[in-house]
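# Sequence first, predicted coordinates after that:
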Amino acid sequence: MNIPDLPPDLSFPKLGTSPEDQEFAFEAKRAAIGPYIIQRWGWDDNFQRDVHDSRYREKPFYVVRRGEKRLGTLSFQVLAGHIQFGEFYLFPIFQREGTGAKILAHCLKLADSLALSVRLEHLHWNPVRSLYKRHGFVDVGRSDIHCFMERPVAVKRPASDG
């Protein structure tokens, strides 16, 4: 599935299998989530690459682009009964300017058009949780490391006559 562009200037080309594309996605992960991983365990480059390579093979990755600038990555996968959203990594220079909220709202609108809920996971101590809560995600489970969240399909209300 392709993710439609978000006017006026955001697009989401799918990343391919080239080493350059995979390395870009890894660098986006390292920049965006690395500080939170380092807080708990330090950064083991070999381990993180193995995890990343496995995820990269499992699901589609997209570049977040503003014009010619590559801001980060995301994964948007249509599964039976829901959308799996993840690998949402913006380079720090593009964080905290509202871009992440716009992108998330855009993806949720696409999920609603497909009448599918959206599921994701995040590290317990990652402050991205507040973004997800503001967009209607609720906790549905947890592990020692991750919070699992879901955002139900938005209910469309019929227009009132008056």
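Thanks, I have the structure now.
# Please work out which residues outside stretch 62-73 touch it.
3, 9-15, 24-25, 28-29, 32, 61, 74-76, 87-91, 94, 99, 103 (C-beta atoms under 8 Å, 6 or more residues apart in numbering). To be clear about C-beta, it is placed using only N, CA and C from the backbone, and glycine gets the same treatment.
# Between the two ends of stretch 52-67, what distance do you get?
26 Å (C-alpha to C-alpha, to the nearest Å).
# Also stretch 63-82?
Where stretch 63-82 begins and where it ends lie 22 Å apart, using C-alpha to C-alpha.
# Tell me the spacing between the residue positioned nearest the centre of the chain and Asn46.
Centrality entry for the chain: nearest residue to the mean C-alpha point is Phe88, 2.8 Å, by C-alpha atoms, centre = their mean. Between Phe88 and Asn46 the distance, using C-beta to C-beta, to the nearest Å, works out to 24 Å.
# for the record, mean pLDDT for the longest strand seen in the chain?
As assigned by DSSP state E, the longest strand anywhere in the chain is strand 69-79. Per-residue pLDDT over strand 69-79 has a mean of 97.
# cool, stretch 112-130 as well?
On average, stretch 112-130 scores 94.
# Show me where this protein has its strands.
10-11, 62-66, 69-79, 82-90, 117-123, 138-142, 146-151.
# Other residues contacting the last one?
Taking C-beta under 8 Å, 6+ apart as the criterion, the residues outside strand 146-151 that touch it are 82, 108, 111, 117-124, 129, 132, 135-142.
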